[in-house]
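Trainee: I would like to see how this sequence folds:
(chains A and B)
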Protein chains: 2
Amino acid sequence: MRTSIATVCLSGPLTEKLTAAARAGFDGVEIFENDLLASPLTPEEIRARCADLGLTIDLYQPMRDVEALPEAEFARSLRRARHKFALMRRLGADTVLVCSSVSPDALDDDALAAEQLARLASLAQDFGIRVAYEALAWGRHISTWDHAWRVVEAADHPALGTCLDSFHILSRDGDPKGIADLPGEKIFFLQLADAPRLAMDVLQWSRHHRCFPGQGGFDVAGLVRQVLRTGYAGPLSLEVFNDVFRQADAAATAVDAQRSLRMLQEEVGTAPLPPAVVPTGVAFAELVTPDAQPVAGLLGALGFARAARHRGKPVDLWQRGDARVLVNTGPAERREGTRLAAIGLTSPDPAGAARRAEALLAPVLPRRRAPGDAPLEAVAAPDGTELFFCAAPGGDAPDWRADFTDTAPAPADGCRIDHVALTQPWHHFDEAALFHSGVLGLRPQASVDVADPYGLQRSRAVTDDAGGVRIVLSVGPAPTDGTAHAQHLALATDDVVAAARRFRAAGGTLLPIPANYYDDLAARYEFADGELETYRDLGILYDRDAHGVFRHCYTHTVGRVFVELLQRDGGYRGYGAPNAPVRLAAQHTARGFTGG
Amino acid sequence: MRTSIATVCLSGPLTEKLTAAARAGFDGVEIFENDLLASPLTPEEIRARCADLGLTIDLYQPMRDVEALPEAEFARSLRRARHKFALMRRLGADTVLVCSSVSPDALDDDALAAEQLARLASLAQDFGIRVAYEALAWGRHISTWDHAWRVVEAADHPALGTCLDSFHILSRDGDPKGIADLPGEKIFFLQLADAPRLAMDVLQWSRHHRCFPGQGGFDVAGLVRQVLRTGYAGPLSLEVFNDVFRQADAAATAVDAQRSLRMLQEEVGTAPLPPAVVPTGVAFAELVTPDAQPVAGLLGALGFARAARHRGKPVDLWQRGDARVLVNTGPAERREGTRLAAIGLTSPDPAGAARRAEALLAPVLPRRRAPGDAPLEAVAAPDGTELFFCAAPGGDAPDWRADFTDTAPAPADGCRIDHVALTQPWHHFDEAALFHSGVLGLRPQASVDVADPYGLQRSRAVTDDAGGVRIVLSVGPAPTDGTAHAQHLALATDDVVAAARRFRAAGGTLLPIPANYYDDLAARYEFADGELETYRDLGILYDRDAHGVFRHCYTHTVGRVFVELLQRDGGYRGYGAPNAPVRLAAQHTARGFTGG
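Mentor: All right, here's what the predicted structure looks like:
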């Protein structure tokens, strides 16, 4: 199906919005009136710009407070409409959105509404224009899709149809089932938006908190299926008002939007995608650094051995148990200081994973990084992290490990990468969650808010069902906050106490945790003799859920990166979120060694 | 009455919170448990720090999910409580807050709740501690103040009383009238918070959107009056969870908080303040600039004459009609480029205005700026703008105009300063509104959201009733946004068309407004022949309200400052807000000459 996006979804001036929409692969746009009013381009110039970009203008919107008015006022509506229809001809737009009236002057009289809408449609017809009438969820008298449809049906005019909007329908818990019985040719337009389930005033909810399908809590796909049963042949068009998108880069938002529509079309069956290939494990994490020494010191103290060296590049493979960390000191990577730049994901089908990623607009990275390297499939996540799809060892596909020459044996124990935590650029948190679920087939977990001393952080994990891959996405309280740049690597061990002791004995510094925290633990739980003293000594934090126990501690920070040592027992499922405020405060206190 | 503040209201580590509270004049604090857990200080050290700062610890909070539990679980509550009571003794805190249970295990059994709370209070009494029981608005079975009180009354224990919280009471539209009948000695604590009237989930509302009294929509003073009738003798204590305060500077937030309590005490009659002296007009606006030429060019083209020069400082007085603009090129003021640095407010009692400002914690500026200067009273607004309280000419008080020597006659016409628009630092928007209403006695108007191409701006005017003084406060979408720094000076004229023509003829540049805007005006209103063409030619924007008509246009920008020329007819009350998105977009388009 054709895809379209309302210009109000994107930030910046109209010309930038149009360029972003075209580059992301949209077929058309809805022109939001205020974007046109604020543009220095004439309607003819906008039309030409759209044509150059390969975009159709699928809708001009909105007209408000048109119908069910006393005759003198309706005459003013018609006068206004005549101007707008003339404008639309100059623009080359043939469908106009009319929202149900919110005017205090509007009468509760369906027959009058139908009669006046028919007169409006007659005028529109003279200009070759169709009127799509939509029920706003907060319309004064008409606020549901079926009520709007009854008025359209009563008006019975060929240039009058209805516009369905998933937000207005689903925010009122409207039942979309009856939609399948509408005549498809009378659905002139379909606008899609999702939204988180918030108990708040519906107008504020609509104006500030809409999001793209798949990012909220609505069953948008279920509604689209109903609409498709009618034979609707218009575009799938996004109309999303969101305070974050208003500030974000239009090009990135447009890609996020188009990705959400491709996933929606896969779900409703109108446009298949290469199937998701869920990764089964983390093959490696790659740190880039201008100075290998502090990283080597950290990994060495953690019990990693420098196990191998890349044949052609300044990259060392450090390993302990099944945890593998690449340390890259190549010159191109050194500018930003030490950071977590890439994740290798073990994939049952690397080529298939890359095909899906490409179909979902993930930037594909050059496959071969040096002559003779195994041709790894790789894409970039929204935050710039490189994701490599690595074949499981022993199969037919090229093995990334073959590029490395062994230098020392790695300690064999139960150590593995439990999760990788990546702070996301402000404005792109929802995009990141949709990317990781849609592209990688990982499952997003619930969002949690965590209090940092200087604001709330939001955090959300995406995981496979077996727990082989866990990526924790988080976002800081504001774009200027320095904590927005931290990244961490969490290593699971069979014995976190032993691991912490070994790290400290090897000269590592563990993040000190305040004594008050342990007094509180003593109030909340009973411990074996000496157990709490051990935790207090090492700075080990403790949590329980319905399934089991979680113990974890933190190293000092190198560049943007620190390491968490952890132990999961009894099927504990979380990430120690209740302890995060204490950890964040301790990192602020110890800023000298967090590097923040 | 004594004033107190919960540490959760302020950002940063506990020690910074305590310092900020003490400096702002609070007598005590509520220690929020998480702040203690995250602090590296021992309870004894925190106690000593508070004592050094002259702060009492009025409350330790919160204990949750304590009561109405099956016996085995309540035993765990008691075990936990014993630890906490021991901690409170180390801390020197004698009152603990217990919130009504939200646990799914809590039983709907008031008798059991009362019995268990009495047992908790007995344990507390052994430690010399009192238990203040509070109904959370979202408590599982107990969610109203009167229900919590009935349980406290039934428990009938001397160490058990109730805690009243204005948010929990007023957010549920609870009727505070019966509160006056409570025995004052059983109200162990009073927590105050205001909130904007939002229709949303009460838990989210409470956790993210509370504000200080006077900044929201609740009748906090009415509730406090009820409590005072009981003979309550504890502190007035603020407990505010707010996403913005979490990020803002703790010292500024603490001052804002203390100011709100002083205004509240004035309102309820427990601590009078010097009465507000409402300014009657704008005596002058002062621009500071490193380069007088562009400012002189702008003012000259606007028809201002360089009317006088300061006797002792590099300050020129430019005047047209009643609009006076000081241009200061003094070296101390030059670092930040051209900006609006001060406003002279005509005051019936400058000394009285300064006394109130000082009592409300406004920084008082040195009264004499140069030898021989008239001793002007001046304070700093939260955004750093200097406010001078100027005597009306001809009275006994010193006249600022006497410091100036006339150099040329000013054109005599109806030109005057209509309003001054100041963009506020992010995080301090509500504080600014409270400052201007509380300190100056101006009346805050409704907040409006305005769409900028890169986010929403929020804007709010404060005015005197006669319209002699209008200050428009606004805040940009995010702290990094460049538009957050614009300021403007709006000049009212009797004929905006003539004023715009004169400005252009004198070489000034008017902000060009897109032709599409005028097509839309033509659709919305009927105009006399040629009228719209005139507006289009000059870039004049047009608005109507129920009272009259507003026409306005904008000059180019010098440094952070641009000028608006406007004409109010027929009692129009607004500021042309519907046109703001078009103006903001035009300023982005013309960024080359906005200096942004």
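
Trainee: give me the pLDDT for the closest residue to A:A380 other than its chain neighbours.
Mentor: Distances taken as Cβ to Cβ, 6 or more residues apart in numbering or on different chains put A:P363 closest to A:A380, at 4.5 Å, once the chain neighbours are dropped. Using the backbone N, CA and C atoms, a C-beta is placed for each residue, glycine as well. Listed pLDDT for A:P363 reads 90.

Trainee: surely A:P363 touches A:V379?
Mentor: Yes. Proximity of A:P363 to A:V379 meets the contact threshold set by Cβ atoms under 8 Å, at 6.3 Å.

Trainee: the more surrounded of those two?
Mentor: With neighbours defined as other Cβ atoms under 10 Å in any protein chain shown, A:P363 and A:V379 compare such that A:V379 has more, 23 against 14.

Trainee: didn't the more buried one look like it was pressed against A:V439?
Mentor: Yes. Using Cβ under 8 Å, A:V379 makes contact with A:V439 at a distance of 7.3 Å.

Trainee: list residues touching both of those two?
Mentor: A:A357, A:A362 (Cβ atoms under 8 Å, 6 or more residues apart in numbering or on different chains).

Trainee: residues near the residue nearest to A:S100 when sequence neighbours are not counted, how many?
Mentor: Nearest residue to A:S100 in three dimensions, chain neighbours excluded: A:G139, at 3.5 Å (Cβ to Cβ, 6+ apart). Neighbour count for A:G139, taken as other Cβ under 10 Å: 18.

Trainee: kindly report the same for A:G330.
Mentor: Neighbour number of A:G330 under other Cβ under 10 Å is 14.

Trainee: and A:G297, by the same measure?
Mentor: A:G297: 15 surrounding residues under other Cβ under 10 Å.

Trainee: related to what we said a few turns ago, from chain B, how far out is the residue nearest to A:A380?
Mentor: Shown here: A:P363 relative to chain B, a distance of 24 Å by Cβ to the nearest Cβ, to the nearest Å.

Trainee: quickly note the distance from that residue to B:D109.
Mentor: 60 Å (Cβ to Cβ, to the nearest Å).

Trainee: over to A:A412?
Mentor: Distance, A:A412 to B:D109, using Cβ to Cβ: 57 Å.

Trainee: what of A:Q191?
Mentor: Taken as Cβ to Cβ, the span from A:Q191 to B:D109 is 50 Å.

Trainee: which of the two has more neighbours?
Mentor: The neighbour count for A:Q191 versus B:D109, taken as other Cβ under 10 Å, is higher for A:Q191 (24 against 14).

Trainee: ok, then the element right after the strand or helix carrying the more buried one?
Mentor: Element membership for A:Q191 (DSSP states H and E) is strand A:187-192. Later in the chain than strand A:187-192, the nearest helix or strand by DSSP H and E is helix A:202-208.

Trainee: what does that next one contact?
Mentor: Around helix A:202-208, the neighbours that count as contacts under Cβ under 8 Å, 6+ apart are A:137-138, A:167-168, A:171-172, A:195, A:198, A:241-243, B:198-200.

Trainee: now stretch A:504-514: buried residues?
Mentor: For stretch A:504-514, a neighbour-count test (16 or more other Cβ atoms under 10 Å in any protein chain shown) marks A:R504, A:G508, A:T509, A:L510, A:L511, A:I513, A:P514 as buried.

Trainee: need the residue closest to the centroid of chain A.
Mentor: Nearest to the geometric centre of chain A sits A:E431, at 2.0 Å (Cα atoms, centre = their mean).

Trainee: what residues does that one make contact with?
Mentor: A:E431 is in contact with A:A252, A:T253, A:D256, A:P382, counting by Cβ under 8 Å, 6+ apart.
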